[in-house]
Every structure is written in C-alpha cells, then in structure tokens.
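[1] just the structure for this:
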Amino acid sequence: MPQRDRDDRPSRRRAPDPRLLIGLALVVASIAAVVGIVAVNDDGVEVYAAPRLLTAGERVVADDLELRRVSLGADVDAYLTADAMPEEGVVVARTIGEGELVPFAAVGDERGPSTTTIVVALTTPLGETVRPGDVVDVWASPQEEAGRFGAPVVISSGAQLVRELAEEGLVAGAEAARVELLVPRRDVARILDALANGDALAAVPAAIALGR
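    Numbering: from 1, shown residues only. Below is the predicted model:
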C-alpha cells in the first residue's frame, strides 16, 4: 500500500504557548488594577459655577447656573453642589464673578435682612485692583475746622463692592469715586452721618486693612 505523502497528512492543532497566556493574563490584570485605582481615587463632585456675573440680591435657580465636576477634597462642603441646590433656587448675597464656583457663603434662601445697599461718595479713589465682589472696609476721616480732617476710623467693616458708578452731575469733580456697597444695616446710620458731615471717606480692601 503506497505511503501517504507527508503533505496529505492532517495537520495537528498546536497548543497555545503557556507563556503567551500568562502574558495576556498579566496585561488584563494590570489594566483592571489601573481602572480600579482611578475609580477609587475619583472623588470629583458636581459643583455649581456662575456662567455670568451674579450680583447681590439676584435670585437664581439651577438652570441659571452650570455644573462642573471638580475635585475639591475637604473644601467640597464650602461650595454649592447639585444635591444641595433648593428647588426654589437661592439668592445671591455677594457678587459672584463669571466662571467662579458658587460658595455657600455667597448665597442664601432669601435676601438677608441684615444687609442693604448704599451709594457712597469717596474722596479717595478705589485701588486699581479692586473689583465688584471684593470685600472692603469703609474708613472716615472727620472734617474739622479750616478744611482739616481728623484721624481716620473704620465706620463699616466687611462691606462688599457691588459696582463703581459713573461720575455724573456738577458734583462729580469733588468726588474721587461713587460706589454702591452692600453693607450691614447696623452701619448705615454711621455712613449717612459721615456723608452728611462732609467727612473724607475711603474704601480699603479688607485684606490690606488687616495686613494680610
């Protein structure tokens, strides 16, 4: 009987190389470990941010803000998260800049009765770095005889600059700046008294006033 040619013999299926299987298993395990580590360390939360400048006294709801997923660590409780947003919205207590994350301290459930806005004529111009939303202290130098002024004192601490007003009218030349401030109601009488007496007023950034 003629011998079969070797090419006619059925080919045997070669078993996978164990080393290849071990290598693939190690790769899969490495990928799974990396994914697990990333998932465990992803402590990002959704926090609201202001898509535009928000001013004091303005009521905003969730649709007026934008959500951003950020990692804040221990500071997360200081900001307004998606879970903490009331259905009726919040009222802005101080100016929030465009793109700024919304701090809890800058919003409330209703407009606080402890603060109000007041327009103040300053005899000293604002610093170039002062912007709406910055916290300032209002200083007054009492007017004395012969156009002299006494030592300055703080008449409102922790006020907030809402905006700087354009100069208007004939009195504009006598003022360095006119500003709208959000101040504690308890300070309104002292500010109005200083304005009525012609005292020299200045708004100084609180950080500078505190020497920080």
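
[2] measure the residue nearest to G89 when sequence neighbours are not counted to L80 for me?
    In space, and not counting its chain neighbours, G89 is closest to V61: 3.7 Å by CB to CB, 6 or more residues apart in numbering. In short, each C-beta sits where N, CA and C put it, glycine included. As for V61, its distance to L80 is 12 Å (criterion: CB to CB, to the nearest Å).

[3] would you mind measuring the gap between the ends of stretch 81-101?
    10 Å (CA to CA, to the nearest Å).

[4] so what's the nearest residue to V60 once chain neighbours are set aside up against?
    Sequence neighbours aside, G89 is the residue nearest to V60 in space, at 5.6 Å (criterion: CB to CB, 6+ apart). Counting by CB atoms under 8 Å, 6 or more residues apart in numbering, G89 touches R59, V60, V61, A62, D64.

[5] the longest strand seen in the chain pairs with which strands, parallel or anti?
    Longest strand of the chain, by residue count under DSSP state E: strand 153-165. Paired neighbours of strand 153-165 in the sheet (DSSP bridges): strand 135-141 (antiparallel), strand 177-184 (antiparallel).

[6] which other residues reach that strand?
    With CB under 8 Å, 6+ apart as the test, strand 153-165 has contacts from 55-56, 94-95, 117, 119, 126, 130-140, 177-184, 187, 190-191, 194, 203, 206, 209.

[7] would you map the strands across this protein?
    45-49, 59-60, 66-70, 90-92, 107-108, 115-122, 135-141, 153-165, 177-184, 200-205.

[8] and the second one, what other elements does it pack with?
    Put plainly, it is strand 59-60. strand 90-92 (3 or more CB pairs under 8 Å, 6 or more residues apart in numbering; DSSP states H and E).

[9] any weak-confidence spans in this protein?
    Counting by pLDDT under 70, the chain contains low-confidence ranges at 1-18, 21, 23, 29-30, 32-43, 72, 74, 109-114, 167-175, 207-212.

[10] which stretches of it form helices?
    Secondary structure of the chain (DSSP state H): helices at 18-41, 188-196, 206-209.

[11] could you check the angle the second one makes with strand 200-205?
    Relative orientation of helix 188-196 versus strand 200-205 (axes from the mean of the first three to the mean of the last three CA atoms, to 10 degrees): 130 degrees.

[12] since that was my last question, I'll sign off now.
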